[in-house]
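J.: got a sequence here, can you build the structure:
(one chain, ligands or ions: 1)
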Amino acid sequence: MPFRKSLSHRRINPTDRIPHAQPSVYALPISVNFNKPFSKQWARFSALLILAAVINMTLLLSTTHAEEPITIRFSHAVANKTPKGQMAIKFRDLVAQRLPGRVKVKIYPRSLMYQDSNVGAAIAEGKVELAAPALSKLRQFTPKLQLFDLPFLFPNMEAVERFQNSMEGQALLYSMEQRGIVGLGYLHNGMKQLSGNYPIRTPTDIAGKTYRIMTSDVLKAQFEAVNATPVAKPFSQVYNLLVTGTIDGQENTWSNIYASHFYRAQSHIAETNHGLLDYMVITSPSFWNKLPVDVRETLEDCIRLAIAHGNQIAARQNQQNRTAILGSGMTKVVELTQSDREQWVNAMKPVWGRFSADIGEELIRAALVAGQGR
Ligand code: SIN
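T.: Have a look, this model is predicted:
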């Protein structure tokens, strides 16, 4: 069954609804003897009718009360205090207010339930109902989403927002439908920075170093392009890998670097803004389409509001966490000059050519248009 797209163009088939408590209809053993005086028969008939109504109402109410709320398990990889963690909490609270007793949201942060790399499969198999993995981690379901990993594609978050709201960006939400996954919206984190235990200013500074990446061919190619060695590892392991020196460095946003304490294990962070870390809030079409229409519409509204809340926090928190990292005195933040930046662009941007056919030239063009403010 195709996923029902956003409210305005949704096709609703009432027979798809999950049945709620059905009012029971009981045949009462009433027989009326027309030889008896009318008033007696009528009194008996009315009493039986009232009794039937009371029984019916009681059964209906008890069935309704006995109905279990729909549980939505929301699995994600980061701390509650991150933009994504806050989005999940906002969603849970909105659902509690607007669908009390009907839907319950349980959040599993910090990869307690699934790593981001396998949460997509868990969604498709119905083992969890909601997740918001990094877009990089959805490559296994469609090559098109590799677009978001191309280094230096988006100049800023406004360009990202414009592209995601474009026709091409919105179509990507449905690009994994055949694989049992559908996007309910994009959620921002922000631009990534590069860290290491050595001064970093130009690409040669990280040559020969080992860098943790999310599982992504584009990110692999990006680090190989500057002669570093990429290693795909789950987010939950990054801090330990840094502390033990198993990896030399990592790339992430200010909010993740701060919330997961990476800055405490790294002496330098270069403010490269070289790539994007954004998420897609995903569910399974078979779960979503079977929700009662009113519940589904309310949940979609809650998701929209929670994403807007998360996006606001993302912009604010990345700035605040950058300031906190600077103020911590534990790591040095290196601001790049125009010429430093050009060296990164020149080294990394050629990887686009290797992925453009896989991603689709028209998508890259649409992202570039969004980057130009159109
Ligand atoms: C996340 O923000 O969900 C994790 C990103 C990462 O794996 O680096």
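J.: go ahead and confirm residue 300 touches residue 184.
T.: Yes - using Cβ atoms under 8 Å, residue 300 is in contact with residue 184, at 6.9 Å. The C-beta positions use only the backbone N, C-alpha and C, and glycine is treated the same way.
J.: which parts of the stretch 1-150 of the chain sit against the ligand?
T.: Contact residues (Cβ under 6 Å from any ligand atom) of the stretch 1-150 of the chain with the ligand: 77, 78, 84, 116, 134.
J.: how many neighbours does the closest residue to the ligand within the stretch 151-300 of the chain have?
T.: Going by Cβ to the nearest ligand atom, the ligand is nearest to residue 235 of the stretch 151-300 of the chain, at 3.3 Å. Per other Cβ atoms under 10 Å, the neighbour tally for residue 235 reads 22.
J.: just the strands in the stretch 251-374 of the chain please.
T.: Secondary structure of the stretch 251-374 of the chain (DSSP state E, counting those that start in this stretch): strands at 268-271, 276-283, 332-335.
J.: need the residues of the stretch 151-300 of the chain near the ligand, please.
T.: Near the ligand, when you scan the stretch 151-300 of the chain using Cβ under 6 Å from any ligand atom, you find 189, 214, 235, 252, 256, 277.
J.: same list, those, but as TSV with pLDDT and distance to residue 94 please.
T.: What follows is those, written out as TSV (pLDDT from 0 to 100; distance: Cβ to Cβ, whole Å):
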residue	pLDDT	distance to residue 94
189	96	21
214	96	29
235	92	26
252	98	28
256	94	24
277	97	24
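J.: adding distance to residue 241, write these out as JSON lines.
T.: Putting those into JSON lines (distance: Cβ to Cβ, whole Å) gives the following:
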{"residue": "189", "distance to residue 241": "20"}
{"residue": "214", "distance to residue 241": "13"}
{"residue": "235", "distance to residue 241": "11"}
{"residue": "252", "distance to residue 241": "13"}
{"residue": "256", "distance to residue 241": "14"}
{"residue": "277", "distance to residue 241": "18"}
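J.: what is the longest helix along the chain packed up against?
T.: Ordering each helix of the chain by length in residues (DSSP state H) puts helix 293-328 first. On a contact count with 3 or more Cβ pairs under 8 Å, 6 or more residues apart in numbering; DSSP states H and E, helix 293-328 meets helix 83-98, strand 182-191, helix 254-259, strand 332-335.
J.: check which residues of that helix are buried.
T.: Using 16 or more other Cβ atoms under 10 Å as the test for burial, helix 293-328 gives 295-296, 298-300, 302-304, 306-307, 309-311, 313-314, 317-318, 321-322, 325.
J.: so residue 252 sits against residue 262, correct?
T.: Yes - the pair residue 252 / residue 262 is scored as a contact, 6.6 Å apart, by Cβ under 8 Å.
J.: okay, and the common contacts of these two?
T.: Listed as contacting both residue 252 and residue 262 by Cβ atoms under 8 Å, 6 or more residues apart in numbering are 195, 238.
J.: among the strands of the stretch 251-374 of the chain, which comes closest to residue 122?
T.: Residue 122 lies closest to strand 276-283 among the strands of the stretch 251-374 of the chain, at 10.3 Å (Cβ to Cβ).
J.: starting at the chain centroid, how far to the closest one?
T.: 4 Å (Cα atoms, centre = their mean, to the nearest Å).
J.: ok and it relative to helix 293-328, angle-wise?
T.: In terms of direction (axes from the mean of the first three to the mean of the last three Cα atoms, to 10 degrees), strand 276-283 departs from helix 293-328 by 160 degrees.
J.: touching stretch 234-243 from outside, list them.
T.: 77-78, 110-111, 115-117, 212, 214, 233, 246-247, 249-250, 252, 256, 260-262, 265-266.
J.: circling back to that earlier point, ranking the residues of the stretch 1-150 of the chain next to the ligand by neighbours, who comes first?
T.: Counting neighbours by other Cβ under 10 Å, the top entry in those is residue 77, with 30 neighbours.
J.: just read off the phi/psi values of that one.
T.: phi -100, psi -10 (degrees, to the nearest 10).
J.: so for it, what's the pLDDT?
T.: What the model reports as pLDDT for residue 77 is 91.
J.: over to residue 67?
T.: 82.
J.: pLDDT below threshold where in this structure?
T.: 1-43, 45-66 (pLDDT under 70).
J.: could you redo the last one with a cut-off of 80?
T.: 1-66, 374 (pLDDT under 80).
J.: which residues in it form helices?
T.: Using DSSP H, helices in the chain cover 38-66, 83-98, 116-124, 157-165, 167-172, 217-224, 238-243, 254-259, 285-289, 293-328, 338-348, 352-359, 361-371.
J.: ok, the residues of the stretch 151-300 of the chain next to the ligand vs residue 359, which is closest?
T.: Checking these one by one against residue 359 (Cβ to Cβ), the nearest turns out to be residue 214, at 16.7 Å.
J.: report the contact partners of the closest residue to that closest one other than its chain neighbours.
T.: Nearest residue to residue 214, sequence neighbours excluded (Cβ to Cβ, 6 or more residues apart in numbering): residue 136, at 4.3 Å. By Cβ under 8 Å, 6+ apart, residue 136 lies in contact with 145, 146, 148, 149, 214, 215, 216, 218, 219, 277.
J.: how close does residue 136 get to residue 252?
T.: Using Cβ to Cβ, to the nearest Å, residue 136 is found at 12 Å from residue 252.
J.: check residue 333 too.
T.: 14 Å.
J.: settle it for me: which of those two has more neighbours?
T.: Between residue 333 and residue 252, counted using other Cβ under 10 Å, the more crowded position is residue 252 (24 against 16).
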